[in-house]
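A.B. asks: Dropping the sequence and predicted coords here.
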Amino acid sequence: MSILSQIINHFRSGSEKLKRLGYKLLIVHADDMGLSHSANLACTKALEIGTVTSASIMMPCLGAKEAIDLSNQNKNTDFGIHLTLTSEWPNYRWSPVLGKKVSSLTDSEGFFFKTCEELEKRAKISEVESEWRAQIELALSQGMRPTHLDCHMFSGTINREFLSVYVRLGRTYELPVQLYRKKLRKLTHYYLNSCVSDNETLIDRLYIATPRQVKDGQTANFYKNVLLNLEPGINCLLVHPAYDNCEMKMITQGMVDYNSKWRQADLDFFTNEECREIIQGKDIILTDWRKLSQYL
């Protein structure tokens, strides 16, 4: 029996059994598709020839329609919706797909707030649900068949109300939602209030290169360390591929973190042979949301 067949047989018992069996599952997930033409092309390349297994699309951004078209041309690839309520960059801002109908989600210029803190302070939860639902419906109307939902800047776990809407939309559209077990453990009252049930797929460990962890552009070393030390269970590694070209230089002008060079480094690492060799050498099993959801 193959390793993958054994995983299928044991998955229903949850990630605890996966851990006991020593299986290291990994979703390498590309955030921010739809952000720009550069991000769309880079994410597509990483999915086609690299070790990236999943991506999600930001529907309020200028490149969303192109990203949807690319996802429709690759029906067997894992594409989700990157539910978006914040617009954090100084030179490139975006607004709700519902516009002025959800004014509690926007600043004085009509853009999403830059931080989750401001969003939490100002947002009406009914408008959060309306906007997220509109983003999903917009993707569906353009022919997309998403495999999962996740949230830009983790806005789905800001508080109990946001989490309730996030999980409810996943159930409504019969899509898994990206949930991180450790994050939810810190917020125990979520469980006590039944926001999350045993039926949700919880990621055991979620990794993302942050400015605190990555110094002097050493993202490749961060990713190598994650892969070399990956533990059994369900793991997710978030990356942000894009090309270091004129478009992304303009978009990220003045930014030190997650700028065009940072995103080019993500693309380079996850499309090189060294990355694939590490994954194979450490018996890491690459997967995606479509495959995970089959076994629930």
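C.D. replies: Good, I have the coordinates.
A.B. asks: contacts and neighbour counts: CA atoms only from here.
C.D. replies: OK.
A.B. asks: Can you list the residue ranges for strands in the stretch 151-296 of the chain?
C.D. replies: 179-180, 202-203, 205-208, 233-239, 284-286 (DSSP state E, counting those that start in this stretch).
A.B. asks: The first one packs against which elements?
C.D. replies: Right, strand 179-180. Where contact means 3 or more Cα pairs under 8 Å, 6 or more residues apart in numbering; DSSP states H and E, strand 179-180 is packed against strand 202-203.
A.B. asks: Parallel or antiparallel, list what pairs with the strand it packs on.
C.D. replies: Strands that pair with strand 202-203, judged by DSSP bridges, come out as strand 179-180 (parallel).
A.B. asks: can you list contacts of the partner strand?
C.D. replies: Here strand 179-180 makes contact (Cα atoms under 8 Å, 6 or more residues apart in numbering) with 201-206.
A.B. asks: picking that back up, columns mean pLDDT and mean neighbour count on top of the strands of the stretch 151-296 of the chain, output as CSV?
C.D. replies: Converted to CSV, the strands of the stretch 151-296 of the chain look like this (pLDDT from 0 to 100; neighbours: other Cα atoms under 10 Å):
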stretch, mean pLDDT, mean neighbour count
strand 179-180, 86, 22
strand 202-203, 84, 20
strand 205-208, 94, 17
strand 233-239, 94, 21
strand 284-286, 94, 17
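A.B. asks: Tabulate those strands in CSV, adding columns for distance to residue 275.
C.D. replies: Shown next, in CSV, are the strands of the stretch 151-296 of the chain (distance: least, Cα to Cα, whole Å):
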stretch, distance to residue 275
strand 179-180, 24
strand 202-203, 22
strand 205-208, 16
strand 233-239, 13
strand 284-286, 11
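A.B. asks: For residue 51, find the nearest of the ones you listed.
C.D. replies: strand 284-286 (7.8 Å; Cα to Cα).
A.B. asks: For the closest one, which helices and strands make contact with it?
C.D. replies: Strand 284-286 makes packing contacts with strand 24-33 when contacts are defined by 3+ Cα pairs under 8 Å, 6+ apart.
A.B. asks: Which residues does the strand it packs on contact?
C.D. replies: Contacting residues not belonging to strand 24-33 are listed as 18, 39-40, 43, 51-58, 63-64, 67, 82, 152, 230-241, 283-289 [Cα under 8 Å, 6+ apart].
A.B. asks: ok, and for the next helix or strand after it, which residues are buried?
C.D. replies: Next in sequence after strand 24-33, counting helices and strands by DSSP states H and E, comes helix 37-49. Within helix 37-49, the residues scored as buried using 16 or more other Cα atoms under 10 Å are 37-47.
A.B. asks: Would you mind giving the residues you listed as JSON lines with distance to residue 266 added?
C.D. replies: Listed next are the buried residues of helix 37-49 as JSON lines, based on distance: Cα to Cα, whole Å:
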{"residue": "37", "distance to residue 266": "16"}
{"residue": "38", "distance to residue 266": "13"}
{"residue": "39", "distance to residue 266": "11"}
{"residue": "40", "distance to residue 266": "14"}
{"residue": "41", "distance to residue 266": "13"}
{"residue": "42", "distance to residue 266": "10"}
{"residue": "43", "distance to residue 266": "10"}
{"residue": "44", "distance to residue 266": "13"}
{"residue": "45", "distance to residue 266": "12"}
{"residue": "46", "distance to residue 266": "9"}
{"residue": "47", "distance to residue 266": "13"}
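A.B. asks: ok, so of the residues you listed, who is nearest residue 23?
C.D. replies: Nearest member of the buried residues of helix 37-49 to residue 23, counting by Cα to Cα, is residue 47, at 22.7 Å.
A.B. asks: returning to what we had before: from the contacts of strand 179-180, which two are the most distant?
C.D. replies: Using Cα to Cα, the two most remote members of the contacts of strand 179-180 are 201 and 206, lying 13.0 Å apart.
A.B. asks: So residue 161 versus residue 289, what's the distance?
C.D. replies: To residue 289, residue 161 is 24 Å away according to Cα to Cα, to the nearest Å.
A.B. asks: Residue 221 now?
C.D. replies: Distance of residue 221 to residue 289, computed by Cα to Cα: 26 Å.
A.B. asks: and what of residue 217?
C.D. replies: Applying Cα to Cα to residue 217 and residue 289 gives a distance of 29 Å.
A.B. asks: okay, those two: which has more neighbours?
C.D. replies: Shown here are residue 217 and residue 289; by other Cα atoms under 10 Å, residue 289 has more neighbours (24 against 15).
A.B. asks: The more buried one against residue 55, yeah?
C.D. replies: No - the pair residue 289 / residue 55 is not scored as a contact, 9.9 Å apart, by Cα atoms under 8 Å.
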